[in-house]
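Enquirer: would you be able to build a 3D model of this:
(one chain, ligands or ions: 1)
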Amino acid sequence: MNEVALITGASSGIGRATARLFATKGIRKLFLCARRRDRLEALAAELSAFKELRVVPIAFDIRDQYAVAGALDAIKGELEEVDVLINNAGLAKGFGPIHEGSLPDWETMIDTNVKGLLYITRIIAPGMVARRSGHIINVCSTAGKEVYPGGNVYCATKFAVDALTKALRQDLYTYGVRVGQIAPGHVEETEFALTRFDGDAERANIYSDFQPLKATDVAEIIYFMVSRPHHVNIQDVLVMSSQQASASLIHRSGRER
Ligand code: 8X3
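Expert: The predicted structure follows:
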């Protein structure tokens, strides 16, 4: 994998697992983007064990278009060589019915999951189009395929990601740019539940009675998608743990397997 990748939301969960896996697969350069500089630098230090790999940590808040531009404009030339863009940054905040929803939570989800993805794609896609080569993977969710009670705005943002994946594909396929997405169900080894429940560890304890996917499972599928030969575009992967059959169907029979 002698390529250059940019991963958003790289400081934890699926983003970090993907960065680690790409490093083991011989990626040449990794632009790692997230809000928390200390976490990014810790990951960069860990990945410095891979001598042929150059890691560029870039800290900014993806919700702020001026912060995004400010952070990325300075390295515009370098970003033109990005072969693989992993639009992973995303979060859920809140789990209440629509009539009790928090406007700040809604803004955070829409700004991160939809607008943030667009800001980054708008910066990276032109270089891919110019080179007639590149691959964009959006990290969607089963929440982008079916809604569930209390999921309302989070689901809406992931439905938007699902639509944008299809739209990007239609806009970019004649330029040799591949576009696909992965839509995972419940995934542990991430901060998803803790963020959704605002740091309440008790409410966030939703994985103890079944085995969800792991962040590394999702990373492996992402790697599979980006390592196919150029004539293969995997457009959409819906993946859940063996004990999950839909948003609401979870077989909570223990984690023994
Ligand atoms: C994570 C899956 O079902 O909690 O995106 O929305 S779910």
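
Enquirer: so what's Glu188 bridging to?
Expert: With DSSP bridges applied, Glu188 shows beta-bridge pairing to Lys214.

Enquirer: would you confirm that it contacts Asp217?
Expert: No. In this structure Glu188 lies outside contact range of Asp217 using CB atoms under 8 Å: 9.6 Å. In short, each C-beta sits where N, CA and C put it, glycine included.

Enquirer: of all of the stretch 151-257 of the chain, which residue lies closest to the ligand?
Expert: Using CB to the nearest ligand atom, the point where the stretch 151-257 of the chain gets nearest to the ligand is Ala247, with a distance of 4.9 Å.

Enquirer: helix or strand for the nearest residue to that residue once chain neighbours are set aside, which one?
Expert: Nearest-residue entry for Ala247: Tyr148, 4.0 Å, with adjacent residues in sequence omitted and distances by CB to CB, 6 or more residues apart in numbering. Element membership of Tyr148 [criterion: DSSP states H and E] is none; it lies in no helix or strand.

Enquirer: OK, contacts around Pro212?
Expert: Taking CB atoms under 8 Å, 6 or more residues apart in numbering as the contact definition, Pro212 lies against Gly185, His186, Val187, Glu188, Ser241, Gln243, Gln244.

Enquirer: check those and tell me the two furthest apart.
Expert: The span of the contacts of Pro212, defined through CB to CB, is set by Val187 and Gln243 at 12.9 Å.

Enquirer: those two: who's more crowded?
Expert: Neighbour tally, Val187 and Gln243, criterion other CB atoms under 10 Å: the higher count belongs to Val187, 24 against 19.

Enquirer: could you list every residue that touches the more buried one?
Expert: With contact taken as CB under 8 Å, 6+ apart, Val187 is in contact with Gly13, Ile14, Pro212, Leu213, Lys214, Ala215, Asp217, Val218.

Enquirer: thought Gly101 was touching Glu107?
Expert: No. Because the distance of 10.8 Å does not satisfy CB under 8 Å, Gly101 is recorded as not touching Glu107.
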